[in-house]
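Novice: model the following, please.
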Amino acid sequence: MPDRPYHHGDLRAVLLANAERALAERGPAALSLRELAREAGVSHAAPKRHFADKQALLDALALSGFERLTDRLEQAADSPGTIRDRVQALAAGYVGFTLDNEALIDLMYTRKHDSGSPAEMAEAVSRLVTTVMRPIVEGQAAGEIIGGDPSVIAMGVAATLHGFATIKGSAPRAYVESTLPGVVDLLMLGLVPR
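Specialist: Numbering: from 1, shown residues only. Coordinates of the predicted model:
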């Protein structure tokens with residue numbers, strides 16, 4: 001068997017991309033740094049330069065997921081239109097990311113709640129929450145969203161969207177996407193008759 005190289009262009013990015021694919025196909029238990037090294041065509045020791053162990057790889061994967069999700073939500077929060085349009089864009093961004101990355105979302109929220117997660121995880125979650133809160137705070141200032149603690153409102157929005165995206169069960173994606181505007185309307189109007 002020929003020796004495998006130790007160096008690789010951007011090995012960290014390749015390992016993360018391969019790990020995300022493997023996570024989606026086989027779940028976190030099946031991830032192996034040795035297997036990822038084989039797939040990348042490097043020695044089995046090469047990944048250790050980037051990830052001390054499998055848990056470090058999973059943490060990096062979860063952090064990458066939070067960063068990508070937050071970037072998507074920031075674009076939505078900055079979209080043109082009314083506050084309702086922006087909340088709708090934010091909801092579509094969140095639900096779309098969740099539907100596209102179900103295994104990654106599971107990992108992200110598992111690691112988020114793990115007491116052994118690195119400090120960067122809390123920072124990534126805080127950035128995500130701040131992004132969700134931004135159109136709420138702006139909507140409150142414009143009189144388009146009820147007053148009150150924006151973090152409480154953001155928590156309700158985030159919990160609703162996360163629950164909606166993750167409990168879809170066997171509903172087709174088209175159904176989930178077509179019913180999302182109604183969910184946003186419910187969030188915007190509340191349950192109390194006006």
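Novice: so where's the protein uncertain?
Specialist: The model of the chain has pLDDT under 70 over residues 1-8, 168-170, 191-194.
Novice: so which residues of it form helices?
Specialist: 11-26, 33-40, 54-77, 83-100, 102-112, 119-141, 150-166, 173-189 (DSSP state H).
Novice: could you dump the ones you listed to JSON lines with mean neighbour count and distance to residue 48?
Specialist: (C-beta placed from N, C-alpha, C; glycine too.) Output for the helices of the chain, formatted as JSON lines (neighbours: other CB atoms under 10 Å; distance: least, CB to CB, whole Å):
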{"stretch": "helix 11-26", "mean neighbour count": "17", "distance to residue 48": "11"}
{"stretch": "helix 33-40", "mean neighbour count": "18", "distance to residue 48": "7"}
{"stretch": "helix 54-77", "mean neighbour count": "19", "distance to residue 48": "10"}
{"stretch": "helix 83-100", "mean neighbour count": "20", "distance to residue 48": "30"}
{"stretch": "helix 102-112", "mean neighbour count": "19", "distance to residue 48": "20"}
{"stretch": "helix 119-141", "mean neighbour count": "17", "distance to residue 48": "20"}
{"stretch": "helix 150-166", "mean neighbour count": "16", "distance to residue 48": "34"}
{"stretch": "helix 173-189", "mean neighbour count": "14", "distance to residue 48": "39"}
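Novice: JSON lines for those helices, including distance to residue 47?
Specialist: Output for the helices of the chain, formatted as JSON lines (distance: least, CB to CB, whole Å):
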{"stretch": "helix 11-26", "distance to residue 47": "6"}
{"stretch": "helix 33-40", "distance to residue 47": "5"}
{"stretch": "helix 54-77", "distance to residue 47": "8"}
{"stretch": "helix 83-100", "distance to residue 47": "26"}
{"stretch": "helix 102-112", "distance to residue 47": "18"}
{"stretch": "helix 119-141", "distance to residue 47": "19"}
{"stretch": "helix 150-166", "distance to residue 47": "30"}
{"stretch": "helix 173-189", "distance to residue 47": "34"}
